[in-house]
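Trainee: Kindly generate the corresponding structure for this input.
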Amino acid sequence: MRKLLIAGLLASAPAHATAPLHLGADLSFTNEMEDCGAVFREHGQKVDPFALIKAHGANIVRVRLWNDPKWTRYSTYDDALKTIRRAHAAGMQVLLDFHYSDDWADGDHQNAPAAWVGLSADQQARALHDYTRDILDRLAGEHQLPEFVQVGNETNRELLAGEKDAAQTDWKRNAALLNAGLAAVREASRAHGAAIKTMLHIAQPENIIGWFDNATAAGVLDYDIIGISYYSKWSKYNLAGLGKVIDAAHRRYGAEVWVVETAYPFTTDFGDDTGNLLGTDSAIPGYPVSPEGQARYLEDLTRTVVANGGNGVVYWAPDWVSTKCKTRWGTGSSWENAAWFTVKDHEAVRALRWMSVDYTVKK
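Mentor: Sure thing, here's the model as predicted:
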């Protein structure tokens, strides 16, 4: 697989990766939260979340991008550019996450942007390619090219195909779309003399091998990183199971493997009238829903990733705190109990320390 598994040589690949370890967070909500009045604090003092996570060992920030969202002014090009500037200014690298949608794209929804609905498969592939290249060219003009690019977000289902079941994926069409995005990144990388790595991202470890086997058979080969979303609430695998998938994927496809989304609650408290997505039903035995449990989960998760040849862990939405702003789901946040700031006063919690731990594998 993947160039015929490089003539079978990957079967003997080392268990431990040699690429740098990337640790950080998706801070796509920060601009919005600050506009909504949130003040982030550490030891009672106001802090910039970007500078804060950098000080605690982060080296990468993930940034969400929607095509043309009419329902929000965030995660647009201008908002993403602002976030990228903040990340680079703080001394961190950037992973730009193309959703290829005007709204959330995830393991259950891959809705095409309104401007691409009704186009033929070939036209959609061209639109996706040109859009990806245009965004990267614009960022290059601002001297803000990302170091990493995600071609799609949780693409378990067929790109631009709505809620079509994953088992019904048209892999000829899907491969054409994925390869169009990957090619656009490679072209931008060459055009601007920048080394940009590419990532393909799937939700939950139990879906990795089947999806990438299908992708390989369909000719999707030119990527650098496999990104995995891992949330215990929605996965059948414990940490050990996750580790086995990381090891298998690293060996089987010859790519880096990151847990590019994860989260864990530190309390069951609420800061608003919007229900929280993660609660006691998300708890893993041995990791209580507490500040200490959240921190220990992240440390042990990262040890699992590294021990199995993985190269990165990115926490999802540690900045999505409770504010008085309204969303489509209610007032405030459905994630404040899984953020890195206390529910009431937005004081930094202990989980931030996980990025400064030494994860060197002892031989």
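Trainee: Torsion angles phi and psi at residue 160?
Mentor: The phi/psi pair for residue 160 (degrees, to the nearest 10) reads phi 60, psi 20.
Trainee: The closest residue to it other than its chain neighbours: helix or strand, and which one exactly?
Mentor: Nearest residue to residue 160 in three dimensions, chain neighbours excluded: residue 112, at 3.9 Å (C-beta to C-beta, 6 or more residues apart in numbering). Every C-beta, even on glycine, is put in place using the N, C-alpha and C of the backbone. Here residue 112, judged by DSSP states H and E, is contained in no helix and no strand.
Trainee: quick one: residue 112 and residue 124 touch, right?
Mentor: Yes: Residue 112 lies in contact with residue 124 (C-beta atoms under 8 Å); the separation is 7.0 Å.
Trainee: Identify the contacts common to those two.
Mentor: Residues touching both residue 112 and residue 124 (C-beta atoms under 8 Å, 6 or more residues apart in numbering): residue 160.
Trainee: Tell me, how many residues neighbour residue 163?
Mentor: 9 (other C-beta atoms under 10 Å).
Trainee: Nearest residue to it in space, please, no chain neighbours.
Mentor: Closest to residue 163 by C-beta to C-beta, 6+ apart is residue 109, at 5.8 Å.
Trainee: Distance check, the residue nearest to residue 160 against residue 173.
Mentor: Distance of residue 112 to residue 173, given as C-beta to C-beta, to the nearest Å: 12 Å.
Trainee: now swap in residue 211 and tell me
Mentor: 15 Å.
Trainee: Next one, pLDDT for residue 7 please.
Mentor: You'll see residue 7 listed with a pLDDT of 37.
Trainee: what are the ranges of the strands in this structure?
Mentor: 22-26, 41-42, 45-46, 60-65, 93-98, 148-151, 197-203, 225-230, 256-262, 312-316, 326-327, 330-331 (DSSP state E).
Trainee: Of all those strands, which one comes closest to residue 158?
Mentor: strand 197-203 (12.7 Å; C-beta to C-beta).
Trainee: List the strands paired with the closest one, with their directions.
Mentor: strand 148-151 (parallel), strand 225-230 (parallel) (DSSP bridges).
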